[in-house]
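*Asks:* okay, here's the prediction I keep looking at, along with the sequence it came from:
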Amino acid sequence: MKVTRIAVWSLDLPLARPYSLSGGRLHVERLDSTVVRLDTDEGLVGWGEGCPWGSTYLPAFARGVRAGIEELAPTVLGLDPRRTAVVHRAMDVALPGHPYVKAPLDMACWDVAAKAAGVPLCDLLGGRTDGRVRLHSSIPTGTPAQMLAEIDLARAQGYTSHSAKIGADVEADIDRMRVIDAQMGPGEQLTFDCNRAWLPAEAIAALQATRDLTRLIEQPCQTVDQHLQVRRRVSQPLALDESLHSYGDMLRIVETGACEAVGLKLGRVGGLTVAAGIRDVCLEAGIQLNIEDTGGTALSATAAVHLAQATPEPFRRATWLCFDQLTTNPIDGGVTNTAGWATAPDVPGIGADPRIDALGDPVATYTSDDR
């Protein structure tokens, strides 16, 4: 089997409501997503998606995805998409770095591989585990009253796990944390996500002042080195998210005992091939995971749920469905939010197919004849 054609689309995805995180430092109102389709000489088709959270969140931007695919297309064309690790290594040789560019192509290869095997994607990623995948809401930065109102909206959709975005300033964050924590009901899970907003001194001050709350604190500082300064001074469980880009980052996290959980985002690490390997390191090290993507439609969210579904229950913490916050979701099939939980589809492949009529014309097409 060989890849014979790569088609690329750009999708404009408005958010239902503007979204701020990191104390308002990062503000997003719409997303620009890239969808790719791989065609093969045996008639199988694979779909993938790459959607950075705007251009200010990480060193990744939407037009960079499409420019990178143009660079990688001659390498991927002619390869067997079922050999996912081989394809990924070939992309790394052709374009070192830029993992977010490779993620949609990698996802599409896995879609083909699972369809060729006649199994749901999760069965190729370690095997479907029992139970459902817990979902978490994503609560934007605001006043305590505004954030509690957002949590109530999420509760109405069935969510019992919440990721509350903080990081404005120490005194305001201490107040947010105490007010929100006090309103959590039995069985509700809460994470305070700083998205790199604090300096180490600010993080230490805020967390020492709230050490009785014992909620998971996610990515308090910009770098792993800054995070480790905080790790030595506080008792709360910590998570790293934006600092996890590669196998090397994961190995350092394990070596230093930096955290008890990680945010594993498919697009940021380069796709399912790398994400599954990082997941396996976490299983060995006893580190829990939030498994999700940086943004996008039900296509990328469903791929993330498949990886979560193939991760043992004690390790999978929660997963985020970005498309719950969009005004459009041009996907047939895929996962749904069922009272705060999701289950990976049981059809071959990812089980989420973009609607061609909603995509419009491709912005680029590459074929074997172009090589």
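*Replies:* All right, it came through fine.

*Asks:* so what's the residue count around the nearest residue to A103 once chain neighbours are set aside?
*Replies:* In space, A103 comes closest to G271 once its chain neighbours are excluded; the distance is 4.0 Å by C-beta to C-beta, 6 or more residues apart in numbering. (Each C-beta comes from the backbone N, C-alpha and C, glycine too.) Neighbouring residues of G271 were enumerated by other C-beta atoms under 10 Å; the total is 30.

*Asks:* got the phi and psi for G271?
*Replies:* phi 110, psi -170 (degrees, to the nearest 10).

*Asks:* does M250 touch R279 like I think?
*Replies:* No. Between M250 and R279 there is no contact, the gap being 9.5 Å when judged by C-beta atoms under 8 Å.

*Asks:* pLDDT below threshold where in this protein?
*Replies:* Along the chain, the model assigns pLDDT under 70 to residues 20-25, 371.

*Asks:* what about 80?
*Replies:* Along the chain, segments meeting pLDDT under 80 span 17-28, 56-58, 369-371.

*Asks:* with only the CA atoms kept, save the biggest helix by length in it in CSV.
*Replies:* Residue-count comparison of every helix in the chain, with assignments taken from DSSP state H, identifies helix 99-117 as the longest. Listed next in CSV are the C-alpha coordinates belonging to helix 99-117 (Å, rounded to 0.1, in the frame of the first residue of the first chain):
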residue,chain,number,x,y,z
PRO,A,99,6.3,18.4,15.4
TYR,A,100,2.9,20.1,15.1
VAL,A,101,3.3,20.1,11.3
LYS,A,102,3.7,16.3,11.3
ALA,A,103,0.7,15.5,13.6
PRO,A,104,-2.1,15.6,11.0
LEU,A,105,-0.2,13.5,8.5
ASP,A,106,0.7,11.0,11.3
MET,A,107,-3.0,10.9,12.4
ALA,A,108,-4.1,10.2,8.9
CYS,A,109,-1.6,7.3,8.6
TRP,A,110,-3.0,5.8,11.8
ASP,A,111,-6.5,6.2,10.4
VAL,A,112,-5.5,4.2,7.3
ALA,A,113,-3.7,1.6,9.4
ALA,A,114,-6.7,0.9,11.6
LYS,A,115,-9.0,0.8,8.6
ALA,A,116,-6.7,-1.7,6.8
ALA,A,117,-6.7,-3.9,9.9
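
*Asks:* so how far is that helix off the chain centroid?
*Replies:* Relative to the centre of its chain, helix 99-117 is centred 15 Å away, using C-alpha atoms, centre = their mean, to the nearest Å.

*Asks:* buried sites along the helix or strand following that helix?
*Replies:* On the C-terminal side of helix 99-117, the nearest following helix or strand under DSSP states H and E is helix 121-124. Judged by neighbour count (16 or more other C-beta atoms under 10 Å), helix 121-124 contains these buried residues: 121-124.

*Asks:* for this structure, which segments count as helices?
*Replies:* 62-76, 84-94, 99-117, 121-124, 144-156, 170-182, 200-209, 224-231, 247-256, 266-269, 272-285, 298-309, 356-359.

*Asks:* out of these, which one sits most buried?
*Replies:* Here the criterion is mean neighbour count by mean count of other C-beta atoms under 10 Å, and of the helices of the chain the winner is helix 298-309, at a mean of 30.

*Asks:* that one vs helix 272-285, what angle?
*Replies:* 30 degrees (axes from the mean of the first three to the mean of the last three C-alpha atoms, to 10 degrees).

*Asks:* what angle separates helix 298-309 from helix 99-117?
*Replies:* The directions of helix 298-309 and helix 99-117 differ by 70 degrees, with the same axes, to 10 degrees as the criterion.

*Asks:* start at 9 instead
*Replies:* Okay, using 9 as the starting number, the last item reads as helix 306-317.

*Asks:* how about the helices of the chain, which one is nearest T373?
*Replies:* The closest approach between T373 and any of the helices of the chain, judged by C-beta to C-beta, belongs to helix 70-84 at 9.3 Å.

*Asks:* report all helices and strands that the closest one contacts.
*Replies:* Applying 3 or more C-beta pairs under 8 Å, 6 or more residues apart in numbering; DSSP states H and E, one finds that helix 70-84 makes contact with strand 11-29, strand 34-48, helix 92-102, helix 107-125, strand 372-375.

*Asks:* now do it: distance to the chain's middle.
*Replies:* For helix 70-84, the gap between its own C-alpha mean and the chain's C-alpha mean amounts to 20 Å (C-alpha atoms, centre = their mean).

*Asks:* which residues touch that helix?
*Replies:* Here helix 70-84 makes contact (C-beta atoms under 8 Å, 6 or more residues apart in numbering) with 11, 14, 16, 18, 39-42, 44, 46, 58-60, 63, 95, 98-99, 101-103, 106, 108-110, 112-113, 371-372, 374, 378-379.

*Asks:* who are the neighbours in contact with the residue nearest to A111?
*Replies:* 56, 96, 107, 110-115, 118.

*Asks:* make it 10 Å
*Replies:* For G279, the contacting residues are 56, 58, 92, 95-96, 99, 107-118, 301, 311, taking C-beta atoms under 10 Å, 6 or more residues apart in numbering as the criterion.

*Asks:* quick one on the thing from earlier: nearest to F200, of the buried residues of helix 129-132?
*Replies:* Nearest to F200 out of the buried residues of helix 129-132 is C130 (C-beta to C-beta; 30.1 Å).

*Asks:* go ahead and confirm V289 touches E263.
*Replies:* No. Applying C-beta atoms under 10 Å, one finds V289 not in contact with E263, separated by 11.0 Å.

*Asks:* most centrally placed residue in this protein?
*Replies:* In the chain, the C-alpha nearest the mean C-alpha coordinate belongs to D301, at 1.8 Å (C-alpha atoms, centre = their mean).

*Asks:* this completes my enquiry, with thanks.
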